[in-house]
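Q: The following comprises the amino acid sequence and a computationally predicted model.
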Amino acid sequence: MAKVILKSIKKIYPGNVQAVKDFNMEIEDKEFIVLVGPSGCGKTTTLRMVAGLEDISEGELYIGDRLVNDVSAKDRDIAMVFQNYALYPHMSVYDNMAFGLQLRKLPKDVIDEKVKEAAKILEIEHLLDRKPKALSGGQRQRVALGRAIVREPKVFLMDEPLSNLDAKLRVQMRTEITKLHKKLQSTFIYVTHDQVEAMTMGSRIVIMKDGDIQQIDTPQNVYENPENLFVAEFIGSPQINIFNGTVVKNHGKIELRLEDDTPIHVTEEMEKILEQRGYLERKVYVGIRPEHLHEREIQPLHHNYSMICGKIEVAELMGAEKYFHTTISGKQIIARVDSKSVKKSGDDIELNYHWDKVYLFDFETEKRIF
Ligand code: ATP
């Protein structure tokens, strides 16, 4: 069993830099966990503590059932794949993959079998005699993965392994790593700053900011039920549209007013919560995702739909869809509509949204109200 448990893990660097503040998580055997967040949020430090490359300032780290705080990296039964591959340039692909096993003094035929098996999984059997400099970026990354696979670790740790690849190859390797995880049936902990990688690869995602965990959940839940404004803005591309609003009562009905007085309607359930929790006359952040803004022409105004209006400043055709950039209530917003839309830059546009698709966040705590 390769469960990884982080109990109140903290990392304080000299100068009282609190890189990781209080990390608590149980990573189940065979999970694919992605740590994601902006630069400096503490994700690499967390991974390096799990790897044993960085001392843990406070807290307990378990791999399997073993407390490993004081166990050295090489005895933790983990393998780490780095961003820069860290291959030995003077060695062949075969030797790069075999090296760790040779150090462990495994019999030659066992090493040979493991290297060839890993090469087969990664489809690099034809490259075994080459030196790293004669490989493409994607092939080098496969060799780095191969070197980790042959060790048959309980846990794979990966730190931005795809960031040196071009966009197309990154997408391809992303799928490869997901397949590899299924094939190997081991626990993966993967660090990235790219929310698309996190969303597509993780069975659960850990979103971090300033050394703190913001949310741990499945990609779908993080997207649909962000716990705070930061998560809502970090996950999703294009970003969620955020307006400043005030909760008001109009003809007995609770609604939001944006800064230019545009009304935003919410469901009855949401009205109740706003009233019960004392939000009347208070400021809130109002969020609507770009794909929840529909073009009026395409979808007539149904019950529980309302409309906001703007002028298209830029229309971008993305292939299957179009992005309309417009300004509403002083905020730059994006609507993600069908590519068949005939609207173009300079046109007025009416955008529908379902009341159910409105997110509200507390103005002070930035926590989601609904
Ligand atoms: P990136 O995506 O840029 O790699 P990250 O989320 O992985 O960022 P970390 O590298 O874990 O972030 O760094 C977290 C914080 O700890 C940062 O503020 C960083 O400056 C600080 N830090 C990292 N290493 C050290 C160190 N050796 N000494 C002091 N502070 C450090």
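A: Happy to help now that I have it.
Q: Please make it C-alpha for all contacts and neighbour counts, starting now.
A: Noted.
Q: Next up, the contacts around Glu295.
A: Each residue near Glu295 by CA atoms under 8 Å, 6 or more residues apart in numbering is listed here: 337, 349-352.
Q: Can I get those residues in JSON lines including neighbour count?
A: Listed next are those as JSON lines, based on neighbours: other CA atoms under 10 Å:
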{"residue": "Val337", "neighbour count": "21"}
{"residue": "Ile349", "neighbour count": "19"}
{"residue": "Glu350", "neighbour count": "16"}
{"residue": "Leu351", "neighbour count": "21"}
{"residue": "Asn352", "neighbour count": "22"}
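Q: Filter those down to just the ones in helices.
A: For the contacts of Glu295, not one is inside helices, with DSSP state H as the criterion.
Q: list the buried ones in the longest strand anywhere in the chain?
A: For the chain, the strand with the greatest residue count under DSSP state E is strand 305-317. By neighbour count with 16 or more other CA atoms under 10 Å, strand 305-317 contains the buried residues 305-312, 315, 317.
Q: What of stretch 8-26?
A: Neighbour-count burial for stretch 8-26 [16+ other CA under 10 Å]: 9-11, 18-25.
Q: Now the terminal residues of that stretch, how far apart.
A: Terminal residues of stretch 8-26 lie 11 Å apart, using CA to CA, to the nearest Å.
Q: Against the ligand - does that stretch have any residue that ends up touching it?
A: Yes: using CA under 6 Å from any ligand atom, stretch 8-26 reaches the ligand at 13, 17, 19.
Q: now the helices for this protein?
A: Under DSSP H, the chain gives helices at 43-51, 93-103, 108-121, 137-149, 167-184, 195-201, 219-224, 229-234, 268-276.
Q: Name the residues of the stretch 1-150 of the chain found near the ligand, please.
A: 13, 17, 19, 38-45.
Q: can you list the residues you listed in CSV and add distance to Leu127?
A: Below are those laid out as CSV (distance: CA to CA, whole Å):
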residue, distance to Leu127
Tyr13, 42
Val17, 44
Ala19, 40
Pro38, 36
Ser39, 35
Gly40, 37
Cys41, 38
Gly42, 36
Lys43, 33
Thr44, 31
Thr45, 34
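Q: Could you work out the most separated pair of those?
A: Distance extremes for those: the farthest pair is Tyr13 and Pro38 at 18.9 Å, using CA to CA.
Q: one step back: now flag whichever of the residues of stretch 8-26 next to the ligand is closest to Asp362.
A: So of the residues of stretch 8-26 next to the ligand, ranked by how close each gets to Asp362 (CA to CA), first place is Ala19, at 26.5 Å.
Q: so that closest one makes contact with Met208?
A: No: between Ala19 and Met208 there is no contact under CA atoms under 8 Å: 10.9 Å.
Q: Spell out which residues are contacts of both of those two.
A: The contact lists of Ala19 and Met208 share 41-42, where a contact means CA under 8 Å, 6+ apart.
Q: Who are the contact partners of Ile312?
A: Ile312 neighbours (CA under 8 Å, 6+ apart): 324-326, 344-349.
Q: Just put the residues you listed in JSON lines and tack on distance to the ligand and pLDDT.
A: JSON lines is the format used below for those (distance: CA to the nearest ligand atom, whole Å; pLDDT from 0 to 100):
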{"residue": "Phe324", "distance to the ligand": "31", "pLDDT": "96"}
{"residue": "His325", "distance to the ligand": "29", "pLDDT": "97"}
{"residue": "Thr326", "distance to the ligand": "31", "pLDDT": "96"}
{"residue": "Lys344", "distance to the ligand": "38", "pLDDT": "91"}
{"residue": "Ser345", "distance to the ligand": "37", "pLDDT": "94"}
{"residue": "Gly346", "distance to the ligand": "39", "pLDDT": "94"}
{"residue": "Asp347", "distance to the ligand": "40", "pLDDT": "94"}
{"residue": "Asp348", "distance to the ligand": "41", "pLDDT": "93"}
{"residue": "Ile349", "distance to the ligand": "39", "pLDDT": "92"}
